[in-house]
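1. Sharing a sequence plus its predicted fold:
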Amino acid sequence: MRAGTERGFSLLEMLVALAIFALAAGALLYAISEQARNASELEARYFAQLGARNELALLHLQPAWPALGERRRPIEVGAHHFSLEQVVAASDTPGIRRVTLRVRDNDERILAQLQAFMRPMP
């Protein structure tokens, strides 16, 4: 056979194509792993927000005011375990209290925070 009539790729062309494919596959795997990590983070933040809203609703349903001060306790929302920090302080307006709820994960990162103003039930 003559060299001018042969068809196909040379070894160098194949190696370059393989290197390009490997780089693209690596970038794709990195993007997929980041997407999975972000989805997990969003799920934890969603459940933390849900837990904070539930606790605020429970405070509104109590016949008595929440006591002034800071309290911390564990809460469970779905399969997630969090730490709830509740800070109740007097506000500038008499008869109104400011309630701050912070939901933290095991690493003490704040995943959700709510603040509300409450007055006693009539």
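-> Alright, I've got the coordinates.
2. Every contact and neighbour count from this point should use C-alpha atoms.
-> OK.
3. wait, what's in contact with A64?
-> Listed by Cα atoms under 8 Å, 6 or more residues apart in numbering, the contact set of A64 reads 120-121.
4. Spatially central residue in the chain, please.
-> The residue lying closest to the centre of the chain (Cα atoms, centre = their mean) is R45, at 3.1 Å.
5. Name all residues that make contact with that one.
-> Contacts of R45 by Cα under 8 Å, 6+ apart are 111-112.
6. Would you map the helices across the protein?
-> Using DSSP state H, the helices of the chain run over 11-61.
7. For it, give me the ranges with low pLDDT.
-> Scanning the chain for pLDDT under 70 picks out 1-5.
8. Next, the angle from the longest strand belonging to it to helix 11-61.
-> Criterion DSSP state E: the longest strand present in the chain is strand 80-90. Interaxial angle, strand 80-90 versus helix 11-61 (axes from the mean of the first three to the mean of the last three Cα atoms, to 10 degrees): 50 degrees.
9. so how far is strand 80-90 from its chain's centroid?
-> In terms of Cα atoms, centre = their mean, to the nearest Å, the centre of strand 80-90 is set 17 Å apart from its chain centre.
10. Provide a list of residues in contact with L56.
-> L101.
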